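*Asks:* Coordinates for the following, if possible.
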Amino acid sequence: MENPLLLQLVVIIATARACGLLLRYLGQPPVIGEMAAGILLGPIVFGALFPEFHGRLFAPESLSALSSLATLGLVLFMFIVGVELRSPEGVRKQLRSAGWVGVLSVLAPVGLGLAISPALYPSLAPEGVAFWPFALFMAAAMAITAFPILARILKERDMTHTRLGRLSLASAAIADVLAWILLALVVAMIGGGEGYGGFLRIIVGLAVLCAVVFGVLRPLYARLLRRYAADGCPGGFVLAALFIGLFACAAVTDWLQLHAVFGAFLFGACLPRDDRLLRTLIERVEHLAIIVLMPIFFALAGLNTTGDAFVGAGLGALGLIMAAAVVGKIAGGAAGARMAGLGWRDSLAVGSLMNARALMELIVIKVGLDAGVIGQQAFTMLLVMAIATTVMTGPLLSLFLGRKSDALPARASTPPP
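*Replies:* Okay, here's the model as predicted:
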């Protein structure tokens, strides 16, 4: 095929939407189906069934355009995640409780991730990658919680304004901030390439960017939005200014050898917490990113999977990863919730919510793959873990709460002490 881009888009988007609708019908978040579509389009399924057509449709020389579109989708999505990330209602009254859950739901899986890394390193670490960058990356991958997916699960169950829901949202925000800091550290370690001097340059550069974003851009854009988009609906001029700031911050972190998603997230987080602005950006930006661009990211992720991950010792490694991820998140989250004063059933429900990883995990492991800290086998295993842990969130939540979940909104409408 001389220029297969349009046909690639047809196949990718159609497969992603079909799988998303199927998973929604089965009571799961559609994003799980879209992530699974990436695996279906990869060498494990599509490539095995139709090797010749798959090889022509996704020929390596034709993937550069898809890669650019996927990066754009990631940047736009993480921008919206940054805009969406805000303190849940009543968070100040439960900051200490959320801190216990957030910190322990990171420390427990991080500890288990480090514990299993000596067994995984010999077979899964790419050649030339030292043990500690690999081990710390595995730890960071275990620690991620999908804040956007968790928020949607709670909203669908009418639990957003319950004590359990507010605690879970605040805890997930804290956990993700800690996990992303650890991930930035790992990527800086592996990407510096200039010894401690290069590592220091990256860390200093990131600190300077944060200072500029929150010290200069935040008040600047707040003033711009108040003056030209007071109703929360920015016109063409303001949208262009937002995109300039977004792509500039993404370009800086990409230049720092971290990843463009870090800059996109930081810029989104610096914008005013305005629900009207958020709704407008979701309509104008997120829908394009999720429906058109993110499926490309899933497909490219699927092309990086390998069936070798499920052969022989690979199954044992996958079992270790699954056990560390699930036990670490549920036990850590539940322990934190117990320390916050919740009963065991509610505490386990909080732990099961913290176990959802979904798209955020896929972004993390793609960052690790691009940085060279993991290879295709580890990437495939972590992708399977991300899908499995998110699929089990709903059933585990129903199991731990039982019929009580139907009464939660009415019974837990007051903020915790």
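*Asks:* hey, let's count contacts and neighbours off CA atoms from now on
*Replies:* Noted.
*Asks:* Which strands or helices does the helix or strand where M142 lies pack on?
*Replies:* In the assignment (DSSP states H and E), M142 maps to helix 131-143. When contacts are defined as 3 or more CA pairs under 8 Å, 6 or more residues apart in numbering; DSSP states H and E, helix 131-143 packs onto helix 95-124, helix 163-191, helix 313-339, helix 358-371.
*Asks:* So which residues make contact with that helix?
*Replies:* Helix 131-143 is contacted from outside by 105-107, 109-114, 117-118, 121, 125, 175-176, 179-180, 182-183, 186, 189-190, 324-325, 328-329, 361, 364-365, 368, 373-374, 382, using CA atoms under 8 Å, 6 or more residues apart in numbering.
*Asks:* Out of those residues, which end up buried?
*Replies:* Among the contacts of helix 131-143, those that count as buried by neighbour count (16 or more other CA atoms under 10 Å) are 105-107, 109-114, 117, 121, 125, 175-176, 179-180, 182-183, 186, 189-190, 324-325, 328-329, 361, 364-365, 368, 373-374, 382.
*Asks:* which parts of the helix holding M142 are buried?
*Replies:* Within helix 131-143, the residues that qualify as buried are W132, P133, F134, A135, L136, F137, M138, A139, A140, A141, M142, A143, counting by 16+ other CA under 10 Å.
*Asks:* What's the first helix or strand after it?
*Replies:* helix 147-156.
*Asks:* Tell me which helix or strand L246 sits in.
*Replies:* Under the criterion of DSSP H and E, L246 resides in helix 236-255.
*Asks:* Does that helix pack against any helices or strands, and if so which?
*Replies:* Against helix 236-255 (3+ CA pairs under 8 Å, 6+ apart) you get helix 195-212, helix 218-228, helix 260-270.
*Asks:* Off-centre distance for the helix or strand immediately after the last one in the chain?
*Replies:* Towards the C-terminus, the helix or strand next in line after helix 260-270, according to DSSP H and E, is helix 275-281. Chain-centre distance of helix 275-281: 21 Å, with CA atoms, centre = their mean, to the nearest Å.
*Asks:* what's in contact with helix 275-281?
*Replies:* Contacts of helix 275-281 from elsewhere in the structure, counted by CA under 8 Å, 6+ apart, are I80, V83, E84, D231, G232, C233, P234.
*Asks:* repeat that for 10 Å
*Replies:* Applying CA atoms under 10 Å, 6 or more residues apart in numbering, the set of residues contacting helix 275-281 from outside is 79-81, 83-84, 225, 229-234, 239, 271-272, 282-287.
*Asks:* shaky segments in the chain?
*Replies:* By pLDDT under 70, the low-scoring segments of the chain are 1-2, 85-94, 190-199, 403-417.
*Asks:* which residues does the residue nearest the centre of it contact?
*Replies:* In the chain, the C-alpha closest to the average C-alpha coordinate belongs to M360, at a distance of 0.9 Å (CA atoms, centre = their mean). For M360, the contacting residues are M78, V81, A141, I144, T145, A146, F147, P148, I149, D176, K366, A386, by CA under 10 Å, 6+ apart.
*Asks:* if you set the cut-off to 7 Å instead, what comes out?
*Replies:* Residues touching M360, when contacts are defined by CA atoms under 7 Å, 6 or more residues apart in numbering, comprise A146.
*Asks:* same question, F267
*Replies:* Contacts of F267 (CA under 7 Å, 6+ apart): F79, V213, L246, C249.
*Asks:* so can I have CSV of these showing neighbour count and distance to R201?
*Replies:* Converted to CSV, those look like this (neighbours: other CA atoms under 10 Å; distance: CA to CA, whole Å):
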residue, neighbour count, distance to R201
F79, 28, 25
V213, 22, 18
L246, 21, 22
C249, 25, 17
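*Asks:* just to revisit the earlier point, looking at the helices and strands packed on helix 236-255, which is buried most?
*Replies:* Scoring the helices and strands packed on helix 236-255 by mean neighbour count under mean count of other CA atoms under 10 Å gives helix 260-270 as the most buried, with a mean of 25.
*Asks:* As PDB, could you dump the C-alpha coordinates of it?
*Replies:* Output of helix 260-270 as PDB, limited to C-alpha atoms (Å, rounded to 0.1, in the frame of the first residue of the first chain):
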ATOM      1  CA  ALA A 260       5.600  15.100  26.400                       C
ATOM      2  CA  VAL A 261       2.700  13.900  28.600                       C
ATOM      3  CA  PHE A 262       4.400  15.400  31.700                       C
ATOM      4  CA  GLY A 263       4.300  18.900  30.300                       C
ATOM      5  CA  ALA A 264       0.700  18.400  29.000                       C
ATOM      6  CA  PHE A 265      -0.500  17.300  32.400                       C
ATOM      7  CA  LEU A 266       1.300  20.200  34.200                       C
ATOM      8  CA  PHE A 267      -0.200  22.800  31.900                       C
ATOM      9  CA  GLY A 268      -3.700  21.300  32.400                       C
ATOM     10  CA  ALA A 269      -3.300  21.300  36.200                       C
ATOM     11  CA  CYS A 270      -2.300  25.000  36.200                       C
END
